[in-house]
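>>> fold the following for me, if possible:
(one chain, ligands or ions: 1)
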Amino acid sequence: MFNLIIFGPPGSGKGTQSDLLIQNFGLIHISTGDLLRDEVEQQTLLGIEAKKFMDQGQLVPDEVVIGMIGSLLDNRPKVKGIIFDGFPRTEAQAKALDKLLSLKTTEIHKVLYLIVPEEELENRLIQRGKESGRSDDNKEVILKRIVEYNCKTKSVADYYESQRKLTKVKGTGSIAEIFATIKSVIHPYVKAI
Ligand code: B4P
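Numbering: from 1, shown residues only. Predicted coordinates:
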């Protein structure tokens, strides 16, 4: 089993590159952003609570997100590997993930850190907001999400650096160029399909 975290600030391309990884490597994809948006759309209790945080550009509380991932992993049969996209976003989430995976006698093997300058992040998300109408992709909320990332999420990279699992990847350039770099990093761990 090969477990990968795709890490980076909002708009760095985590979702975009995850889609290519699924197509090329047959890994299972777990995106906490997508899971939370599904809950919001279905107007579940969790979704109603989560929306309040998401619309303010804040992180959803750890216990909510960790609980969601915990039950998801429990319901997964054995798979070739998992891409975690947008999770963990705090050190508490990272430690909880290590625990959940060790119960399944597995671990995180690699963390890819997409590096993108702040101005480019803002431009990408403003553009996506125009095209998709996502309620958190407007300038005011985008700036709050970037602050939240800098305060609570960025340091998660140090957690994985200390475990020697972190690889920084230049997240600017064409989507294909970035994916080519990612492929070269993960090839030793997992075969393409
Ligand atoms: P997410 O859904 O994870 O959203 P994101 O960080 O904004 O997007 P991502 O980095 O995946 O960017 P994408 O590829 O789409 O989170 C949304 C919210 O959910 C959070 O703010 C938080 O409230 C909550 N949440 C989620 N997980 C949580 C957790 N673990 N704990 C607590 N709260 C949590 O790319 C963005 C745009 O850039 C796209 O339009 C794409 O087309 C474009 N793009 C991508 N690559 C490009 C490239 N190379 N060049 C030009 N454009 C590119």
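
>>> only C-alpha atoms for contact and neighbour calcs from this point on.
Noted.

>>> tell me the residues of this protein that contact the ligand?
Counting by C-alpha under 6 Å from any ligand atom, the chain comes close to the ligand at 9-16, 32-34, 53-54, 57-61, 65, 86-89, 124-125, 128, 145, 172-175.

>>> from these, which land in helices?
Among those, the ones falling in helices (DSSP state H) are 14-16, 32-34, 53-54, 65, 124-125, 128, 145, 175.

>>> now those residues in TSV, with distance to residue 97, neighbour count and pLDDT?
Converted to TSV, these look like this (distance: C-alpha to C-alpha, whole Å; neighbours: other C-alpha atoms under 10 Å; pLDDT from 0 to 100):
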residue	distance to residue 97	neighbour count	pLDDT
14	18	22	98
15	19	19	97
16	23	12	97
32	13	20	97
33	16	16	96
34	18	13	96
53	22	13	97
54	22	20	96
65	11	21	96
124	29	16	97
125	28	20	97
128	30	15	95
145	22	23	98
175	28	13	98
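
>>> any buried residues in the lowest-mean-pLDDT helix or strand in the chain, and which?
Sorting the helices and strands of the chain by mean pLDDT, DSSP states H and E puts helix 62-74 at the bottom, at a mean of 91. The neighbour-count check on helix 62-74 (16 or more other C-alpha atoms under 10 Å) flags 62, 65, 66, 69 as buried.

>>> list the contacts for the residue nearest to the spatial centre of the chain?
The chain has residue 86 as the residue nearest its centroid, 1.8 Å off, counting by C-alpha atoms, centre = their mean. The contact partners of residue 86, taken as C-alpha atoms under 8 Å, 6 or more residues apart in numbering, are 6, 7, 8, 14, 31, 32, 33.

>>> how about the last one, nearest residue that isn't a chain neighbour?
Of all residues beyond its chain neighbours, the one nearest residue 33 is residue 86 (6.6 Å), with distances taken as C-alpha to C-alpha, 6 or more residues apart in numbering.
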